[in-house]
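Peer 1: Kindly return the folded structure for what I paste below:
(chains A and B)
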There are 2 protein chains.
Amino acid sequence: MSSRDGFSWTQEQGLKPGVPCIGAIQPPTNLNNASPDVFDPLETPLYLASPPFSHCHGFPLTQSSTGLKVLLLEGRDRIGGRSWSSNMGGYPFEMGGTWVYWGQPNVWREILRYQMQDELEISYDFTRGVNQYFLAGPDGTQQFSHEEEDAIMDSGLRKLVNVDGDLGRKVIPYPHSAAFTPETLQYDKISVADRINEIKDSLTPNERIGVEAFVLLCSGGTLETTSLFEFLHWWALCEYSYDGCIRYLVKYKFRGGQSSFAIRFFREALASGNLTYSFNSPIASVKSTKDGVTVTTRGGQSYRAKKLISAMPLNVLNAVTFDPPLLRGKKTAADIGHVNQCIKVHAEIREKDLRSYTGISYPHNNLYYALGDGTTPAGNTHIVAFGGTHQHFHPEDNIDETKKALQGLVPMDIQRIVFHNWSRDEFAKGAWFFSAPGLLSSHLIDMRAQQGNIYFASSDWALGWRSFIDGAIEEGTRAAMSVRRDLVESPAKPKLA
Amino acid sequence: MSSRDGFSWTQEQGLKPGVPCIGAIQPPTNLNNASPDVFDPLETPLYLASPPFSHCHGFPLTQSSTGLKVLLLEGRDRIGGRSWSSNMGGYPFEMGGTWVYWGQPNVWREILRYQMQDELEISYDFTRGVNQYFLAGPDGTQQFSHEEEDAIMDSGLRKLVNVDGDLGRKVIPYPHSAAFTPETLQYDKISVADRINEIKDSLTPNERIGVEAFVLLCSGGTLETTSLFEFLHWWALCEYSYDGCIRYLVKYKFRGGQSSFAIRFFREALASGNLTYSFNSPIASVKSTKDGVTVTTRGGQSYRAKKLISAMPLNVLNAVTFDPPLLRGKKTAADIGHVNQCIKVHAEIREKDLRSYTGISYPHNNLYYALGDGTTPAGNTHIVAFGGTHQHFHPEDNIDETKKALQGLVPMDIQRIVFHNWSRDEFAKGAWFFSAPGLLSSHLIDMRAQQGNIYFASSDWALGWRSFIDGAIEEGTRAAMSVRRDLVESPAKPKLA
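Peer 2: So this is what the prediction gives:
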């Protein structure tokens, strides 16, 4: 199966849109099989609307196991939203999401539930080859051992986060807490650029390159548009250490690719007998009344239900017409949006020795962070590389420029390039959530708020692992709890039409 | 509300069995309200049998939210099994369980789901008072700062666990994995006593006291009956560090006590409308046929259902008659049992300065490990102390001996003592699971095995946080998935009687 999403390039085939994906669903709908009365609003209490039902839907689907009938409307042709992989010849290239860890409670609970805990592998492999860290600045490339890399990163990041004399522990002692303190909020008023300006004299040149590139790897924005608070929040979630950042953020991935996980949610929901679904069904408008919700697709098909769970990411909330309009704070947050325009590019290359490569090429190069991520069935090395707003580009527009950005990390003989352009993805308009200063302190509550019969569930406004697959499941669970509370446990008295 | 479980002692009242508990359920059953047809086996697919439905039932109760009708049979008068608190004047004394952490995936997922993430507090408080670590050996007491304590413990434990030159990371790289390797298994053949014998020349006297007392705090057994593998497994779960052990094992607890958490599971299940329950209903026998299960209480009442989830701990499996008998491997495991006979004693004392006390009194003292755990409403300090098989005693048998064991940690003016005797608890026969060498490598698979229509769910044989609340939820979830698979998704064809 293939998805419309993503691009691949090889010398033989050139640039091609669409890639193989085990998360692409066939048939794309089971609506034809459903008896008409399934869509009696009294019988169909819930819609999962997802024109841009992204990162990572599939997760509110656990709803269907609570015994409620669910209709899933999805704009894409595949499950998984911002978390998916393209499996080529059985080998996965991760287009978004990728890494998971057993300290991430929501995602790990599902991994255990699906008994997938033995299906993980480690991205990097430092057992052979160059086994080096390439730090490319404008004036040339230095090479270090990975131990030296860790020492540079650890030292630099500690200086960045040590705003409280305790490496951020005092500022964010409970990284899953819903409660912002005044002290916490002050760090959402400034950017990482502001913070680096404060400490720049204490950073060595290599620490500064390493820290800046690492922060941009996290945010996909610029240093100026990266909230210091949100970076501290990531740091707190990662146990206040660089070692923790590696373990939680870029180490363990699914041997079968992210879509091998997302598909489990879909199959489980389908097996419950409570799921009707329709892919390729982007939503145009949502009308909410006291008694329910009417959702209309771009194709003009309307569906009524008692409740709607919207899993649309923040950056595309404005692409749907809401009647009544979105609450003011939510609308403002959607207008502001998040800043992550990450560019994630996979390269399959001939150099076996680069399997143990990691590197930074910053600030001059379009792709600033990369690592050896696997060995392909052909025996080639697979490198994953990251860029973002810092020096933004669209990889499909000029494949030679994309190759140049890859070569700017380390010389390589490129056989294949695979990527998804999240910035031009109409159902995402960006990668995982990352905020500029001010957004979270002003609008996190707004983003999380229910509006009539509409529940908003997205990793973009999770409390704990916000931006991560874990946060998507946290939010899907929150929505499921709320819907069950309102529909089953204490339903409002029936109203006369 | 009060439970029969637990004891309290004060000078005025003397020793009294039974303590207040918010997890005690009134009325003790809703059977009278249920219409008779609820107990038609075709309508009641599931029983949760729990003569010793312990540590931590309540957790398989999420089953009821899947839409299946559930009957909960519980031997005790309270919910929570081996995880419960006595709340006295609003102040909780933790009788079992206690600590949770956001790196424990299953328990944290439930904490987020119930929005209890802001209801945690830290056990210790090093901001005032003596702020010292008292290391009492047979020859007297030394005092150290908590930084010195950390250094002793960190150094000693690293020597203990460094069996592979990488602090246990090579032996157990995936602490939630179901797969034992031959290398892993070799460490289940030896005890911590064996390991200490190997490294004893490298340990300082204080490191040895600290390490041995810490291991016994974890296992509740003796060094000889503590599997080195199982201790390494705890260590791996705690991120391979002493700092991690503190964070995961003894730091964060519920401000309202553990029973404030357990009660949420019960209430949620009750609100689903699918739960019938009966406390004070210990099970005598379980008869399983192809078509279902018949459970008979000690009072002679029988119930039939399609499936049974047994949440009985390992050490009491033999207290119920199974027909057909337990599978051979499971029976053997139950005969062997686990080794944890932890004695956990709370003391409310006058010394405000001991709020920041931590201490070890080993190997001569009946209680070998303790720490300041809170400040009571009366302004007294609350100390929690631990003993076990090492020098076992029953705290209620001679309260003067119990006081002496407390005084042997640090001099204190005792106002109140609170404890639960897990060793004499007929529904537990021990505290949390800990294994002697050989049990896990020979019988973990047996303990986890389904037998006909009976599913065995206990933290005692969880894969990840085995022995912890987290493991109980892991197991409840596994049972729920299995039951749903067998009853809903691919039910066997109906058989003629």
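
Peer 1: so what's the residue most central in space within chain A up against?
Peer 2: Most central in chain A under Cα atoms, centre = their mean is residue A:432, positioned 3.6 Å from the mean C-alpha point. The contact partners of residue A:432, taken as Cβ atoms under 8 Å, 6 or more residues apart in numbering or on different chains, are A:55, A:82, A:96, A:220, A:340, A:342, A:459, A:467, A:468. Every residue, glycine included, has its C-beta placed from N, CA and C.

Peer 1: Please report how far it lies from residue A:466.
Peer 2: 9 Å (Cβ to Cβ, to the nearest Å).

Peer 1: what's the overlap in contacts for these two?
Peer 2: Overlap of the contact sets of residue A:432 and residue A:466 (by Cβ under 8 Å, 6+ apart) consists of residue A:459.

Peer 1: Where do the helices of chain A begin and end?
Peer 2: According to DSSP state H, chain A carries its helices in the segments A:105-113, A:146-161, A:182-186, A:192-199, A:205-219, A:228-237, A:242-249, A:259-271, A:328-336, A:399-407, A:439-448, A:469-484.

Peer 1: Against chain B, how distant is residue A:400?
Peer 2: The gap separating residue A:400 from chain B is 41 Å, by Cβ to the nearest Cβ, to the nearest Å.

Peer 1: distance of the residue nearest to the centre of chain A from residue A:104?
Peer 2: Counting by Cβ to Cβ, the separation of residue A:432 from residue A:104 is 14 Å.

Peer 1: shared neighbours of the two, which are they?
Peer 2: Common neighbours of residue A:432 and residue A:104, counting by Cβ under 8 Å, 6+ apart, are residue A:468.

Peer 1: Tell me the residues of the stretch 151-300 of chain A that contact chain B?
Peer 2: Applying Cβ under 8 Å from any Cβ of the partner chain, one finds that the stretch 151-300 of chain A approaches chain B through A:174, A:175, A:176, A:177, A:178, A:179, A:239, A:271, A:272, A:273.

Peer 1: so what's the first one up against?
Peer 2: Each residue near residue A:174 by Cβ under 8 Å, 6+ apart is listed here: B:102, B:117, B:118, B:120.

Peer 1: Buried subset of the residues you listed, written for ChimeraX?
Peer 2: In ChimeraX, a selection of the buried entries from the contacts of residue A:174 looks like this (16 or more other Cβ atoms under 10 Å in any protein chain shown):
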select /B:102,117,120
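
Peer 1: Tabulate the contacts of residue A:174 (JSON lines), appending pLDDT and distance to chain A.
Peer 2: Below are those laid out as JSON lines (pLDDT from 0 to 100; distance: Cβ to the nearest Cβ, whole Å):
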{"residue": "B:102", "pLDDT": "98", "distance to chain A": "5"}
{"residue": "B:117", "pLDDT": "96", "distance to chain A": "5"}
{"residue": "B:118", "pLDDT": "96", "distance to chain A": "6"}
{"residue": "B:120", "pLDDT": "97", "distance to chain A": "7"}
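
Peer 1: and the two most separated of the contacts of residue A:174?
Peer 2: Distance extremes for these: the farthest pair is B:102 and B:118 at 12.1 Å, using Cβ to Cβ.

Peer 1: give the contact list for residue A:112.
Peer 2: By Cβ under 8 Å, 6+ apart, the contact list for residue A:112 reads B:105, B:106, B:176, B:463, B:464, B:474, B:477, B:478.

Peer 1: Can you say which of the residues you listed are also within reach of chain A?
Peer 2: B:105, B:106, B:176, B:463, B:464, B:474, B:477, B:478.

Peer 1: Which one (most neighbours) among those residues?
Peer 2: residue B:474 (29 neighbours; other Cβ atoms under 10 Å in any protein chain shown).

Peer 1: I figured that one was touching residue B:106, is that so?
Peer 2: Yes: Residue B:474 is within contact range of residue B:106, at 4.7 Å (criterion: Cβ atoms under 8 Å).

Peer 1: if I look at these two, which residues touch both of them?
Peer 2: Shared contacts of residue B:474 and residue B:106 (Cβ under 8 Å, 6+ apart): A:112, B:464, B:465.

Peer 1: which one of the residues you listed sits closest to residue A:454?
Peer 2: Minimum distance to residue A:454 across the shared contacts of residue B:474 and residue B:106 is 31.4 Å, recorded for residue A:112 (Cβ to Cβ).

Peer 1: Quick check: the gap between residue A:283 and residue A:75.
Peer 2: Per Cβ to Cβ, residue A:283 is found 7 Å from residue A:75.

Peer 1: Likewise for residue A:431?
Peer 2: Distance of residue A:431 to residue A:75, computed by Cβ to Cβ: 17 Å.

Peer 1: likewise residue A:454?
Peer 2: Counting by Cβ to Cβ, the gap from residue A:454 to residue A:75 is 17 Å.

Peer 1: Mind checking which of these two has more residues around it?
Peer 2: residue A:75 (23 against 19).

Peer 1: Hmm, the more buried one is touching residue A:427, no?
Peer 2: Yes: taking contacts as Cβ under 8 Å, residue A:75 lies within contact range of residue A:427: 5.0 Å.

Peer 1: For residue A:447, give me its contacts.
Peer 2: With Cβ under 8 Å, 6+ apart, residue A:447 has these contacts: A:314, A:329, A:330, A:333, A:456, A:458, A:460, A:461.

Peer 1: burial of the closest residue in space to residue A:194 that isn't next to it in sequence, as a residue count?
Peer 2: The shortest distance from residue A:194 to any non-neighbouring residue, by Cβ to Cβ, 6 or more residues apart in numbering or on different chains, is to residue A:228 (6.9 Å). Neighbour count for residue A:228, taken as other Cβ under 10 Å: 26.

Peer 1: interface residues of the stretch 1-150 of chain A facing chain B?
Peer 2: Proximity of the stretch 1-150 of chain A to chain B, by Cβ under 8 Å from any Cβ, involves residues A:65-67, A:102-106, A:108-109, A:112-113, A:115, A:117-118, A:120.

Peer 1: remind me, longest strand of chain A?
Peer 2: For chain A, the strand with the greatest residue count under DSSP state E is strand A:2-10.

Peer 1: And the pLDDT for residue A:70?
Peer 2: We note a pLDDT of 88 for residue A:70 in this prediction.

Peer 1: hmm, back to that, would you turn the ones next to chain A among the contacts of residue A:112 into a markdown table with pLDDT?
Peer 2: Shown next, in a markdown table, are those (pLDDT from 0 to 100):
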| residue | pLDDT |
| --- | --- |
| B:105 | 97 |
| B:106 | 96 |
| B:176 | 97 |
| B:463 | 97 |
| B:464 | 97 |
| B:474 | 95 |
| B:477 | 91 |
| B:478 | 93 |
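
Peer 1: So the residue of the stretch 201-350 of chain A found nearest chain B versus residue A:264, what's the distance?
Peer 2: Among all residues of the stretch 201-350 of chain A, residue A:271 sits closest to chain B, at 4.8 Å; criterion: Cβ to the nearest Cβ. Using Cβ to Cβ, we find residue A:271 at a distance of 10 Å from residue A:264.

Peer 1: For the two, work out which one has more neighbours and name it.
Peer 2: Legend: neighbour count by other Cβ under 10 Å for residue A:271 and residue A:264, higher for residue A:264 (19 against 16).

Peer 1: Return the residues in contact with the more buried one.
Peer 2: Here residue A:264 is in contact with A:110, A:114, A:116 (Cβ under 8 Å, 6+ apart).

Peer 1: Which one of those residues is nearest to residue A:441?
Peer 2: residue A:110 (30.6 Å).

Peer 1: which one is that closest one nearest to, not counting chain neighbours?
Peer 2: Nearest residue to residue A:110, sequence neighbours excluded (Cβ to Cβ, 6+ apart): residue A:473, at 6.1 Å.

Peer 1: Just to check, that neighbour is in contact with residue A:104?
Peer 2: No: Residue A:473 lies out of contact with residue A:104 (Cβ under 8 Å); the separation is 9.0 Å.
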